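K.L.:
I'd like to go over a predicted model; first the sequence, then the structure.
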Amino acid sequence: MAKLTKKQAAAIEKIDADAQYAPLEAFVLLKEVASANFDETVEAHFRLGIDTRQADQQLRGMISLPNGTGKSVRVAVFAEGEAARQAEEAGADIVGSDDLIADIQAGNIDFDATVATPDQMPKVGRLGKILGTRGLMPNPKLGTVTTDVAKAVADLKGGKVEYRADRYGIAHVILGKVSFSAEQLAENYGAIYDEIIRMKPAAAKGRYVKSIAVTSTMSPGIPVDSSVTRAYTTPQATE
């Protein structure tokens with residue numbers, strides 16, 4: 001096990017692992033303990049009472065964060081003709097069809113998200129093993145297989161993020177950057193929390209939200225009180 005740096009050890013000492021912090025308090029503390037010399041990414045980790053091996057207990061979707069993610073997202077669009085022109089005007093970084101597919105097959109994956117028009121999907125489907133394993137496959141349920149490519153590109157560029165529970169029932173979601181204010185991070189957290197509650201699979205049994213932690217790229221996790229379901233941006237928020 002790697003030895004902790006002095007900064008990491010000091011950060012751990014500031015966090016009470018047995019506490020349940022209100023969202024705003026958690027982000028104030030997170031900003032205090034973040035010690036990297038770059039703008040760390042902030043994430044929330046929701047441990048849910050679902051069995052994602054069951055088809056009726058899957059959890060996946062996309063949501064636009066109130067304050068964006070702070071990340072510059074490169075978007076590739078599979079489209080031709082007028083749709084391709086619209087994608088370019090909307091700010092897509094890469095637009096193409098057979099040429100884009102060939103580039104990807106050659107190992108050129110210089111993008112963070114993809115969009116495709118429906119007519120392109122028979123071709124794009126051939127990239128399943130490449131894009132699917134990276135979570136980059138266009139998906140109609142996520143709004144990334146669409147005839148309105150301009151809106152899809154704008155959404156992705158504007159801070160729309162995907163949430164998805166892994167095989168352990170944990171959803172890892174980007175909230176923003178350490179440079180955000182604690183209030184901005186709490187607002188983004190609240191939007192995601194509400195969305196995950198709204199999308200609870202009907203087949204889920206027992207306690208749905210088991211635990212929540214927030215963390216930055218280099219900081220330890222901070223436990224968040226999952227019973228706080230409103231007033232996310234106020235100190236000492238309670239039910």
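P.N.:
Nice, I can see it.

K.L.:
mean confidence score for the longest helix along the chain?
P.N.:
What stands out as the longest helix in the chain, according to DSSP state H, is helix 182-198. Over the span of helix 182-198, the pLDDT mean works out to 95.

K.L.:
Which strands or helices does that helix pack on?
P.N.:
Judged by 3 or more Cβ pairs under 8 Å, 6 or more residues apart in numbering; DSSP states H and E, the packing partners of helix 182-198 are helix 23-33, strand 41-48, strand 60-64, strand 160-164, strand 170-177, strand 209-216. For every residue, glycine as well, the C-beta is placed using N, CA and C.

K.L.:
Please tabulate those in JSON lines, including the columns distance to S97 and mean neighbour count.
P.N.:
Listed next are those as JSON lines, based on distance: least, Cβ to Cβ, whole Å; neighbours: other Cβ atoms under 10 Å:
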{"stretch": "helix 23-33", "distance to S97": "43", "mean neighbour count": "22"}
{"stretch": "strand 41-48", "distance to S97": "32", "mean neighbour count": "20"}
{"stretch": "strand 60-64", "distance to S97": "24", "mean neighbour count": "17"}
{"stretch": "strand 160-164", "distance to S97": "24", "mean neighbour count": "19"}
{"stretch": "strand 170-177", "distance to S97": "30", "mean neighbour count": "21"}
{"stretch": "strand 209-216", "distance to S97": "39", "mean neighbour count": "20"}
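
K.L.:
Quick one: closest of those to A231.
P.N.:
helix 23-33 (8.8 Å; Cβ to Cβ).

K.L.:
Can you report the mean pLDDT over the residues of the closest one?
P.N.:
For helix 23-33, the per-residue pLDDT averages 93.

K.L.:
how big is the angle separating it from helix 182-198?
P.N.:
Using axes from the mean of the first three to the mean of the last three Cα atoms, to 10 degrees, the inter-axis angle of helix 23-33 relative to helix 182-198 is 130 degrees.

K.L.:
follow-up on the earlier one: mind giving me a markdown table with the helices and strands packed on helix 182-198 and columns for distance to A90?
P.N.:
Compiled in a markdown table, the helices and strands packed on helix 182-198 are given as follows (distance: least, Cβ to Cβ, whole Å):
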| stretch | distance to A90 |
| --- | --- |
| helix 23-33 | 32 |
| strand 41-48 | 25 |
| strand 60-64 | 15 |
| strand 160-164 | 13 |
| strand 170-177 | 22 |
| strand 209-216 | 31 |
